[in-house]
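> Sequence and predicted structure, then a few things I'm wondering about:
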Protein chains: 2
Amino acid sequence: MKKHKDLLQVLKANNMRITPARRFLLQFILDSKKHAGIKTGQITLKSITRFMEKILPGVNRSSIYRNIEAFKKLDIIQEISLPSGSFFQYVFDCKVHHFYICKSCGKASVGNEKLFNKIEAALKDIHGFAKANLSIVFYGYCSKCGH
Amino acid sequence: MKKHKDLLQVLKANNMRITPARRFLLQFILDSKKHAGIKTGQITLKSITRFMEKILPGVNRSSIYRNIEAFKKLDIIQEISLPSGSFFQYVFDCKVHHFYICKSCGKASVGNEKLFNKIEAALKDIHGFAKANLSIVFYGYCSKCGH
DNA sequence: AGTGCTATTGCAAAATGTTGCAATAAACCC
DNA sequence: GGGTTTATTGCAACATTTTGCAATAGCACT
Ligand SMILES: [Mn+2]
Ligand SMILES: [Mn+2]
Ligand SMILES: [Zn+2]
Ligand SMILES: [Zn+2]
């Protein structure tokens, strides 16, 4: 798990300036597990905006959006998109993510870890996909709704 | 592959009225493979809007959005969401979808069918996920960008 | 065909995202 | 600290999406 300082270095290494908005956004991302009301590792745009407007009153919405995009490009966070909306994850968590979304009832559940590891290995073999930070989203029908 | 008539029955069975906007939207979904400029089975919001405004001049945008949502709920179409945007698929196509999204370069590619079938089988065993209309999105690093 | 019920639409306002540009301020050198 | 460079911000205009509500129209029943 990287520290705040390390991430600031990532910015510098990419010719990006360290502004208050970016400091706080990094802090929020790193602390996201501690915040109440946020599912482990899942950062929503709403939660970011709430935090930023509180800690930096008057911050412009476009700056928030642009910094989120910038952090995505730097691979500090990744965006996971689901039909119900999207959220962000801190990439250096190195936590694998593996969702099942039922197309009928919409229920999202976390997958079986053993199966995930198998798929991960097969993916690397066949497609050359690197193992780190792989995320998978399955869309199907759960046993309750299944055809 | 269902026909237009069958889908109208789906609407009726769900206490929904058959309006011109819905007729045409259904038609567009069923015909989407024939339309030029649309990748097989991938219907975008833009393509829907273009079609609807042409065939039903003056149709309100909110009606288009609401009917798309309604058809999703009826499971006539499904929305596939990627960080770069989302698109819709006609569910009764029963075509499986299987994407690789590189988190670094953003490239999306279609997966190996054999591997997909294996995963599909395993998913059914372990999670009770039904085989029909399964879609998978993998987020990782391609061999070019991989760590 | 006419009537009643209510799902659907259009409309207007609000909310949410995006973009070009000029003012600002972070970073670096002296 | 003062001066220079230019990445970043705020702002305003625009585009897209969502929402409440009143008018409309699909449909069932006579
Ligand atoms: Mn949506
Ligand atoms: Mn976006
Ligand atoms: Zn379900
Ligand atoms: Zn790549």
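Received, thanks. Ligands and ions are numbered 1, 2, ... in the order given.
> Nearest residue to A:Ser109 in space, please, no chain neighbours.
Sequence neighbours aside, A:Tyr100 is the residue nearest to A:Ser109 in space, at 4.9 Å (criterion: CB to CB, 6 or more residues apart in numbering or on different chains). Using the backbone N, CA and C atoms, a C-beta is placed for each residue, glycine as well.
> touching ligand 4 at all, the helix or strand harbouring A:Phe116?
Assigned by DSSP states H and E, A:Phe116 falls within helix A:113-127. No. Contact of helix A:113-127 with ligand 4 (CB under 5 Å from the ion) is absent, the minimum separation being 11.3 Å.
> Would you mark the buried spots in stretch A:52-65?
Using 16 or more other CB atoms under 10 Å in any protein chain shown as the burial criterion, the residues of stretch A:52-65 that qualify are A:Met52, A:Leu56, A:Val59, A:Ile64.
> Then stretch A:78-91?
Buried residues in stretch A:78-91 (16+ other CB under 10 Å): A:Gln78, A:Glu79, A:Ile80, A:Ser81, A:Leu82, A:Pro83, A:Phe87, A:Phe88, A:Gln89, A:Tyr90, A:Val91.
> okay if I get the buried residues of stretch A:52-65 as TSV plus distance to B:Leu26, secondary structure and pLDDT?
Output for those, formatted as TSV (distance: CB to CB, whole Å; DSSP: H, G, I helix; E, B strand; the rest coil; pLDDT from 0 to 100):
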residue	distance to B:Leu26	secondary structure	pLDDT
A:Met52	43	helix	97
A:Leu56	48	coil	96
A:Val59	45	coil	97
A:Ile64	39	helix	98
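> Can you tell me which of these is nearest B:Lys5?
A:Ile64 (48.6 Å; CB to CB).
> Surely the closest one and A:Met52 touch.
Yes. A:Ile64 lies in contact with A:Met52 (CB atoms under 8 Å); the separation is 5.6 Å.
> what touches both of the two?
Counting by CB atoms under 8 Å, 6 or more residues apart in numbering or on different chains, the shared contacts of A:Ile64 and A:Met52 are A:Ala21, A:Leu25.
> low pLDDT regions in chain A?
A:1, A:34-41, A:83-84, A:92-98, A:101-108, A:110-111, A:126-135, A:139-147 (pLDDT under 70).
> May I see the domains of it written out as residue ranges?
Domain ranges of chain A: A:4-90, A:96-140, per automatic domain parsing.
> so which of the ones you listed is the most packed in?
Most buried of the domains of chain A by mean neighbour count (mean count of other CB atoms under 10 Å in any protein chain shown) is domain A:96-140; its value is a mean of 17.
> Relative to A:Lys114, how far out is A:Glu120?
When distance is defined by CB to CB, to the nearest Å, A:Glu120 is 11 Å away from A:Lys114.
> do the same with A:Gln27
36 Å.
> ranges for the strands of chain A?
Taking DSSP state E as the test, the strands found in chain A are A:77-82, A:85-90, A:97-102, A:108-110, A:135-140.
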